[in-house]
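[1] Give me the fold of what follows.
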Amino acid sequence: MKMKVIVMLAAAALTLSTASAQELPRKVQNVELLDLDGNPAKLPYFGEKNLMIFYVDPDRHKQNEEFTFELEKNHRASGDNIYGFGIMNLMDAPMIPNGMARSMAKKRTEKNGATVLADQNRTLSNAWKLGDCNNQFVLMIVSKEGELVFLRKGVLSEADKKAFYDIIDKYR
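    All right, here's what the predicted structure looks like:
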């Protein structure tokens with residue numbers, strides 16, 4: 001019986017710590033990652049524009065492919081006040097060498113003009129207290145005031161997509 005109580009308390013504590021880590025909005029800071037050439041790079045337009053960030057585990061880069069295709073097609077997340085870009089979460093893709101992942105992304109961005117950065121050490125995830133991002137497609141919106149105002153991980157539900165569009169419409 002004691003063991004059951006201990007397990008329940010541990011689960012409750014874990015749930016509470018996860019919930020408090022996910023409270024939004026919350027202030028975040030610009031971090032230094034790498035550009036696709038391996039050079040240090042800060043998040044573009046941080047503090048100047050609202051940011052739409054795709055923080056993606058390369059093992060799951062197609063997790064919300066239909067949604068991202070829809071975003072490109074309908075331009076609903078476009079606007080003068082918003083800048084969208086991707087960040088590869090390389091630490092959670094150990095089977096893909098970092099240099100190879102950056103090289104593949106570089107070839108793709110030459111074609112589509114997208115901005116992609118590389119996070120080799122979970123720098124962003126740790127600094128912003130995102131929790132476990134392994135095998136996750138993470139979608140975030142950060143206001144130009146430096147507040148994380150939207151965060152969803154994994155496969156986006158219809159409710160997640162609606163919530164995203166509701167928030168992005170305020171920041172475009």
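[2] is it fair to say residue 125 lies in a helix?
    Yes. Counting by DSSP: H, G, I helix; E, B strand; the rest coil, residue 125 is found in a helix.
[3] thought it was touching residue 119?
    Yes. Using CB atoms under 8 Å, residue 125 is in contact with residue 119, at 7.2 Å. Glycine gets a C-beta too; all of them are placed from N, C-alpha and C.
[4] Mind listing the shared neighbours of these two?
    55, 89 (CB atoms under 8 Å, 6 or more residues apart in numbering).
[5] Helices along this protein, start to end?
    2-21, 65-74, 98-112, 123-127, 158-171 (DSSP state H).
[6] taking the mean pLDDT, what do you get for stretch 157-172?
    The average pLDDT within stretch 157-172 is 95.
[7] That one: which residues count as buried?
    For stretch 157-172, the neighbour count (16 or more other CB atoms under 10 Å) marks 160-161, 164, 167-168, 171 as buried.
[8] Give me the buried positions along stretch 31-46.
    In stretch 31-46, counting by 16+ other CB under 10 Å, buried: 31, 33-36, 41, 43, 45-46.
[9] just the residues you listed now: which is nearest residue 113?
    residue 36 (12.7 Å; CB to CB).
[10] Quick one: residues contacting the closest one.
    Per CB under 8 Å, 6+ apart, neighbours of residue 36: 102-103, 105-106, 109, 116-118.
[11] how close does the closest residue to residue 118 other than its chain neighbours sit to residue 119?
    Leaving aside its sequence neighbours, residue 118 sits nearest to residue 34 (CB to CB, 6 or more residues apart in numbering; 4.4 Å). From residue 34 across to residue 119, the span is 8 Å (CB to CB, to the nearest Å).
[12] Also residue 126?
    As judged by CB to CB, residue 126 and residue 119 stand 10 Å apart.
[13] With residue 42 instead?
    The gap separating residue 42 from residue 119 is 12 Å, by CB to CB.
[14] Need the overlap of contacts for these two.
    Joint contacts of residue 42 and residue 119 (CB under 8 Å, 6+ apart) are residue 33.
[15] In the chain, where is pLDDT below threshold?
    Along the chain, segments meeting pLDDT under 70 span 1-22.
[16] Centroid-nearest residue for it?
    Central residue of the chain (CA atoms, centre = their mean): residue 55, 2.9 Å from the mean position.
[17] I figured it was touching residue 119, is that so?
    Yes. Taking CB under 8 Å as the definition, residue 55 is a contact partner of residue 119 at 7.5 Å.
[18] Which neighbours do these two have in common?
    If you check residue 55 and residue 119 against CB under 8 Å, 6+ apart, the residues they both contact are 87, 89, 125.
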